[in-house]
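**Student:** Sequence first, predicted coordinates after that:
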Amino acid sequence: MSSSAVSTAKPPCPSSAALRSQAFVLEQMRHSMRFFSPERAVDPAGGYFHFFAEDGSIFDADTKVLVTQARFIFSLAVAAEHLGDPKYLAAVEHGVTYLARGPLRNAANGAYHWVLKDGKPTSSKIFTYGLGQCLLAYAAATRAGCAAARPFLDETWETLEKHLFVPADGLYAEEADERWTKDPYRSESGNLHMTEALIACYEATSDEKYLDRAVLVADRVCNRAAGQTQGLVWEHFKEDWSANLEFDNDDEALKIFRPWGFQPGHQVEWARFLLTLARHAEAAGAPRWWLVPKAKFLFDVAVEHAWDAEHGGLCYSIDLDASVCNHDKIFWVQCEAIGTAAILGSLTGEDKYWATYDKLWRYSWDKWVDHEHGSWLRRMNREHVPYFTEKTKLSLCVDPDFHMMGAYAGALTFMRDAGVGDGDARGWFGCL
């Protein structure tokens, strides 16, 4: 056997004891950051490079996407906080400068352009989804020690408050044109990521207005809106927040942000945020009784109905009757479920969540982890044939392991709270 064959062979999956260790989770952060490293990602001309082939080579240096830029800042900020290497904070500061003051900013309205090509905007529609990712980036950067991010955290909050928050709904509208005229379309996804960003703002500033708003938004989506669809969170809504069950996305560029059906990945992601809100609310002396039970319900139903018993993995979409309507497999769904399973296992002590965590890791280790180049594969069909091999690709994947880093960070927080997995789990680090 050649040395190259030895170096690229898939290593055996670690034992359950190793999988459940904090050391293993930290190593997965390193695994992601070895691919999306500052050395590879930082564009000396400003911001980051956004489009990477399977092996990490840059195949498009001229296109910049708002969501990718913001998510890069988040991923690097999480790395700065948990991995301790100062290169990550330096990369965060570099990215914040570009996001806050560079060509992605729309000077005409105070918002951001959605996509740049050769430094010029190709789309300038305003999305809560995108502004929420900017707010998250500035909050994560602030928490990691980038003082320059704080004014833009405040600015982004005020912009959203002025233009997109609808007080009568307690929720955010999803999109507006360049004059801030709101579209009647409403989305759980934008509000999901606003909840994530508001949690990060609270963690960065300790200002309870962010915690209060996050709880309000989560309540309106996960209780009031989800009450129309048997308690699961639907994706698409009309202006009055009645569920739009006939929604048909006619914009190819937005399909990855607006799929049809219940998204198991969003159910488990909401569960992660609800559990995090429960932790913060209790620490602030204002516990909310419904947060943990609702999180368990969303996670349990998603995992039960989306798991592919024949081929493995969580499917992309389920229908109103909980049958699978899109059998595709997407990486972020698996890693979000892994993170939430670890949180639930740590918080509740229930063995079923650790068993699910183990099952998801063994499956992902086999099908998704790129043991040769780093990071994970992105999207495959039911039988695990990849649709593309690039790690980031315009309109198909705009994620520099943002989902992974967030899920791992959440898992570590709760594992540390519970004293779970803090023993010695050495012996497998050479596998990655």
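**Tutor:** Looks like it came in fine.
**Student:** can we go C-alpha only for contacts and neighbour counts from here?
**Tutor:** Fine.
**Student:** hang on, Ala306 packs against Ile318?
**Tutor:** Yes: with contact defined as C-alpha atoms under 8 Å, Ala306 counts as touching Ile318 (6.7 Å).
**Student:** Find residues that contact each of these two.
**Tutor:** Common contacts of Ala306 and Ile318 (C-alpha atoms under 8 Å, 6 or more residues apart in numbering): 264, 324.
**Student:** Where does pLDDT dip in the protein?
**Tutor:** Scanning the chain for pLDDT under 70 picks out the ranges 1-8, 249-258, 423-432.
**Student:** And Ala306 and Ile318? Which one has more around it.
**Tutor:** Ala306 (25 against 20; other C-alpha atoms under 10 Å).
**Student:** need the contact list for the more buried one.
**Tutor:** 264, 314-318, 323-324 are the contacts of Ala306 under C-alpha under 8 Å, 6+ apart.
**Student:** Phi first, then psi, for it.
**Tutor:** phi -90, psi -10 (degrees, to the nearest 10).
**Student:** cool, Met29 as well?
**Tutor:** Torsion angles, degrees, to the nearest 10, at Met29: phi -60, psi -50.
**Student:** Not including adjacent chain positions, what is the nearest residue to Leu136?
**Tutor:** Once flanking residues are discounted, Leu136 sits nearest to Ala197: 4.2 Å by C-alpha to C-alpha, 6 or more residues apart in numbering.
**Student:** check which helix or strand covers that neighbour.
**Tutor:** Using DSSP states H and E, Ala197 sits within helix 188-205.
**Student:** same for the following helix or strand past that helix, what does it pack against?
**Tutor:** The helix or strand immediately downstream of helix 188-205 is helix 208-219, counting by DSSP H and E. Helix 208-219 sits against helix 188-205, helix 264-283, with contacts defined as 3 or more C-alpha pairs under 8 Å, 6 or more residues apart in numbering; DSSP states H and E.
**Student:** Dump the ones you listed to CSV, plus mean neighbour count and distance to Asp212.
**Tutor:** Converted to CSV, the helices and strands packed on helix 208-219 look like this (neighbours: other C-alpha atoms under 10 Å; distance: least, C-alpha to C-alpha, whole Å):
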stretch, mean neighbour count, distance to Asp212
helix 188-205, 23, 9
helix 264-283, 23, 9
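**Student:** can I get those in TSV with distance to Ile343?
**Tutor:** Shown next, in TSV, are the helices and strands packed on helix 208-219 (distance: least, C-alpha to C-alpha, whole Å):
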stretch	distance to Ile343
helix 188-205	16
helix 264-283	7
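**Student:** Would you mind measuring from Lys162 to Arg101?
**Tutor:** Lys162 is 21 Å from Arg101, where distance means C-alpha to C-alpha, to the nearest Å.
**Student:** Between the helices and strands packed on helix 208-219, which one is closest to Glu239.
**Tutor:** Distance to Glu239, taken as C-alpha to C-alpha, is lowest for helix 188-205 among the helices and strands packed on helix 208-219, at 12.1 Å.
**Student:** by contact count, what packs against that closest one?
**Tutor:** Applying 3+ C-alpha pairs under 8 Å, 6+ apart, one finds that helix 188-205 contacts helix 128-144, strand 171-172, helix 208-219, helix 264-283.
**Student:** Nearest to Ala41 among these would be which one?
**Tutor:** helix 128-144 (16.3 Å).
**Student:** and that closest one, what does it pack onto?
**Tutor:** helix 66-83, helix 86-101, helix 150-163, helix 188-205.
**Student:** which residues are contacting the first one?
**Tutor:** Counting contacts by C-alpha under 8 Å, 6+ apart, the residues outside helix 66-83 that touch it are 26, 29-30, 33, 47-48, 50, 85-89, 91-92, 95-96, 99, 104, 112-115, 130, 133-134, 136-138, 140-141, 143-144, 398-402, 405-406, 409.
**Student:** Show the buried residues in those.
**Tutor:** For the contacts of helix 66-83, a burial check counting by 16 or more other C-alpha atoms under 10 Å picks out 26, 29-30, 33, 47-48, 50, 88-89, 91-92, 95-96, 99, 104, 112-115, 130, 133-134, 136-138, 140-141, 143-144, 398-402, 405-406, 409.
**Student:** Dump stretch 81-95 to CSV, keeping only the CA atoms.
**Tutor:** Extracted C-alpha coordinates of stretch 81-95, given in CSV (Å, rounded to 0.1, in the frame of the first residue of the first chain):
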residue,chain,number,x,y,z
GLU,A,81,-12.8,31.8,21.8
HIS,A,82,-12.4,28.1,22.0
LEU,A,83,-9.1,27.3,20.4
GLY,A,84,-7.1,30.2,21.8
ASP,A,85,-4.8,30.9,18.8
PRO,A,86,-4.5,34.7,18.3
LYS,A,87,-4.5,34.3,14.5
TYR,A,88,-8.3,33.7,14.7
LEU,A,89,-9.0,37.0,16.4
ALA,A,90,-6.7,38.8,13.9
ALA,A,91,-8.8,37.2,11.1
VAL,A,92,-12.0,38.3,12.8
GLU,A,93,-10.8,41.9,13.0
HIS,A,94,-9.9,41.8,9.3
GLY,A,95,-13.3,40.5,8.4
